[in-house]
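K.L.:
structure for this input, please:
(chains A and B)
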Amino acid sequence: GESVGLHLPTLSVQEGDNSIINCAYSNSASDYFIWYKQESGKGPQFIIDIRSNMDKRQGQRVTVLLNKTVKHLSLQIAATQPGDSAVYFCAENRGGYGGATNKLIFGTGTLLAVQP
Amino acid sequence: NAGVTQTPKFQVLKTGQSMTLQCAQDMNHNSMYWYRQDPGMGLRLIYYSASEGTTDKGEVPNGYNVSRLNKREFSLRLESAAPSQTSVYFCASSDRGTGPQHFGDGTRLSIL
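P.N.:
Numbering: from 1, shown residues only, chains lettered A, B, ... in the order given. This next block holds a predicted model:
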């Protein structure tokens, strides 16, 4: 059969620049959001999360912004480094924060390519 | 500081063979999950377990079974493997629904 290639949106940035990765989510009832980083051959690695009662949260070199009006999430990476090259996924929790489990729905991902 | 450990890392099966993928976590998490990841489709939930002794279907459960052996271990079984089950399988755990899921490094499964 015919093989289908992987067509990920790609963001190419220069080392030292800031990166912004965007994500649209679908369910207005989702109340918890997570960003993951996935390097080749590895599992998704937790970066930062945000609950729906916040619109901004900062970590080390990363900031997540949440716009509930337009159902949009973004991840900002400051001073991007070659080690930041990876696929980045957003995930929304439809299971209700504080419930027994997280029922995460993942986006298809964005490939961040950092040019030296 | 192992986190979530999956075995094996790679496996090749013939159509119709059976296989169990193993997962163990050492973070004392209550909830555990199995996902599959296919190119261009992100991660899709196969089964999850909210606590020891309970399991529930996720988005794509057909062709799979799971066992929550104890609080640490959650296994995924393919009874009769099909080529459509060729994928990368990830196990994850979380502290109920109040924190992020933490993932293992996956099992790369090819079915010929």
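K.L.:
so how many other residues sit close to residue 26?
P.N.:
Looking at chain A here, since you left the chain open. Neighbours of A:Ser26 under the rule other CB atoms under 10 Å in any protein chain shown: 10. Backbone N, C-alpha and C define where each C-beta goes, glycine included.
K.L.:
my bad, the chain I had in mind was chain B
P.N.:
12.
K.L.:
got the contact list for residue 84?
P.N.:
In the absence of a named chain, chain A is used. Taking CB atoms under 8 Å, 6 or more residues apart in numbering or on different chains, we find A:Asp84 in contact with A:Ser19, A:Lys37, A:Ile77, A:Leu112, A:Val114.
K.L.:
try again with chain B
P.N.:
B:Gly63.
K.L.:
and it, how far is that from B:Pro61?
P.N.:
As judged by CB to CB, to the nearest Å, B:Ser84 and B:Pro61 stand 14 Å apart.
K.L.:
again, but for B:Ser49
P.N.:
B:Ser49 is 13 Å from B:Pro61, by CB to CB.
K.L.:
where does chain B come near chain A, residue by residue?
P.N.:
Residues of chain B lying near chain A by CB under 8 Å from any CB of the partner chain: B:4, B:30-31, B:33, B:39-45, B:48, B:50-51, B:58, B:90, B:92, B:94, B:96-106.
K.L.:
and if we set it to 6 Å?
P.N.:
Applying CB under 6 Å from any CB of the partner chain, one finds that chain B approaches chain A through B:31, B:39-40, B:42-43, B:48, B:50, B:90, B:94, B:96-98, B:100-101, B:103-106.
K.L.:
can you flag the buried ones in the residues you listed?
P.N.:
With burial judged by 16 or more other CB atoms under 10 Å in any protein chain shown, the buried subset of the residues of chain B next to chain A is B:31, B:42-43, B:48, B:50, B:90, B:94, B:96-97, B:100-101, B:103-106.
K.L.:
buried ones in stretch A:30-39?
P.N.:
Within stretch A:30-39, the residues scored as buried using 16+ other CB under 10 Å are A:Ser30, A:Asp31, A:Tyr32, A:Phe33, A:Ile34, A:Trp35, A:Tyr36, A:Lys37, A:Gln38.
K.L.:
quick one: the strands in the chain?
P.N.:
Assuming you mean chain A. With strands called from DSSP state E, chain A shows them at A:10-14, A:19-24, A:32-38, A:45-51, A:56-58, A:62-67, A:72-77, A:86-93, A:104-106, A:110-115.
K.L.:
you answered for a different chain; I wanted chain B.
P.N.:
Under DSSP E, chain B gives strands at B:4-7, B:10-13, B:19-25, B:31-37, B:43-49, B:56-57, B:64-68, B:74-78, B:87-94, B:102-103, B:107-111.
K.L.:
where does B:His29 land on pLDDT?
P.N.:
We have a pLDDT of 93 for B:His29.
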